[in-house]
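Undergrad: whatever this is, show me its structure:
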Amino acid sequence: MLLITAHTAEQFQENNFVYTGSQDDLEITIFENNYIPKPSGFTYEATFIYLIRRSAQLEIHTDIHELGFFKLQTWLDIVESFDFKVTQLPLESLYEPYLMGEGDYPLTVLVWGDADVDKMLTGDIEVITGYNHRKVVKVVS
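TA: Numbers count the residues shown, from 1 in each chain. Prediction:
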C-alpha cells in the first residue's frame, strides 16, 4: 500500500499558518505563508519564518520552498498507468487549527493498492505533532 496526501490544483488556495511549541527554555513559533505566484503553472511558494527563543534569546530564520501541485486527474492517470487500484479520501480539518484568519486547507488522500479503506475509515484518527509543523496521522483501530 502507498499512501499519498496531495494538494490538488482544484483545491489548493493561498493560506497563512502559525505553529507553536515549547519545552523547558526553548520556545518556537513558525509562520508559514503559501503563495501562488502570478502567473502560476502548477507551483506555489511556501515561506517559513522561524522565531526560536532559547533562554529568552531570539533567533530568526527564514526558509523558502517552491513546491508543486497537480490536477487530481494527473494523479489518477499516474496510478492507472501502474495498474494500481486507488481510493480517494478527503482529509479535512488537519491544518485548520493552525490557520491564521478564515479559510480551509483541504487535502486529498490517495490510497494505492489493496488497503482495507473501510477499516481505515472506521478507526479513530490520531494526530501526532512535534516541535516543527510536521504531522503524522495514525489510524487507530
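
Undergrad: which residue sits closest to Pro106 in space, ignoring its chain neighbours?
TA: Spatial nearest neighbour of Pro106, excluding adjacent residues (C-beta to C-beta, 6 or more residues apart in numbering): Gln11 at 4.7 Å. The way it works is simple: take the backbone N, C-alpha and C, and place the C-beta from them, glycine included.

Undergrad: with Leu26 instead?
TA: Spatial nearest neighbour of Leu26, excluding adjacent residues (C-beta to C-beta, 6+ apart): Arg54 at 5.7 Å.

Undergrad: and the one you found, how many residues sit next to it?
TA: 12 (other C-beta atoms under 10 Å).

Undergrad: list the contacts for the residue with the largest distance to the centre of the chain?
TA: Distance from the C-alpha centroid of the chain, by C-alpha atoms, centre = their mean, peaks at Ser55 (30.5 Å). Neighbour list for Ser55: Asp25 [criterion: C-beta atoms under 8 Å, 6 or more residues apart in numbering].

Undergrad: list of residues touching the lengthiest helix in the chain?
TA: Using DSSP state H to define each element, the chain has its longest helix at helix 72-81. Taking contacts as C-beta under 8 Å, 6+ apart, the residues outside helix 72-81 that touch it are 4, 6, 8-10, 86, 88, 108, 110, 112.
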